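In: Sharing a model that was predicted from the sequence below.
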Amino acid sequence: MGKNLSKSDLLAEIAHERRLLKELISQVPRNLFNRQGINSAGWSIKDVLTHLNDWELRVVRWCEVGISGEVPDMPEKGYKWNQIRELNAAIQKKHARKSIKKVLQEFDEVHEESIRLVNGFTDQQLTTLNYYEWTGKSWTVSDYIRSNTASHYRWARNKIRKWLKACSD
């Protein structure tokens, strides 16, 4: 991935992107949280948040399995990286019945779990290619975590912001 962030830089980027996303979400009336149309799959804000929660928790689990010396099923048992669209559809379906209250609660809980995880790593563990067998030769632990936290928050914020603008036009 290439950014290879130290622990302090990774935590700062996660905090910054999350704050911006939460600020945007706080401005959205709750009655819009289930309105579909944010992306080509027809997701709602609630769907986007469950997507973020699922992927952030997924990277936490990958790291936990990887730290134990095993190789996690990535991206998920039964799915290959070229099947992300199918996996994302399964994630959306899995969480479809959750209330927005529950989704927002999980948004905070999963985040706390990922921050605890990051704080447990050294800079060397986070930034060294192939430090763990599961990370491979081109991505570091920091890259995986960043992709499923800060970068994902930025993606969600951009999608939601564009959708809100389209709703108001």
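Out: Received, thanks. Everything numeric in this text was worked out from a predicted model, so none of it was measured.
In: For stretch 102-114, give me every contacting residue.
Out: 14, 18, 46, 49-50, 52-53, 56-57, 59-60, 95, 98, 145, 148-149 (CB atoms under 8 Å, 6 or more residues apart in numbering). Any C-beta I mention is one placed from the backbone N, CA and C, and that applies to glycine too.
In: Could you rerun that using 6 Å?
Out: Residues from elsewhere that reach stretch 102-114, judged by CB atoms under 6 Å, 6 or more residues apart in numbering: Lys46, Leu49, Thr50, Asn53, Glu56, Leu57, Val60, Thr149.
In: what is the rounded mean pLDDT of it?
Out: For stretch 102-114, mean pLDDT rounds to 97.
In: tell me which residues of it are tucked away?
Out: For stretch 102-114, the neighbour count (16 or more other CB atoms under 10 Å) marks Val103, Leu104, Glu106, Phe107, Val110, His111, Ser114 as buried.
In: Over to stretch 118-126?
Out: Of the residues in stretch 118-126, Val118, Phe121, Gln125, Leu126 count as buried by neighbour count, 16+ other CB under 10 Å.
In: what's the offset of the helix or strand harbouring the first one from the middle of its chain?
Out: When you say that, I think you mean Val118. Following DSSP states H and E, one finds Val118 within helix 100-119. Mean C-alpha position of helix 100-119 versus that of the full chain (CA atoms, centre = their mean, to the nearest Å) differs by 10 Å.
In: What is the subsequent helix or strand relative to that helix?
Out: Helix 100-119 is succeeded, C-terminally, by helix 123-127 (DSSP H and E).
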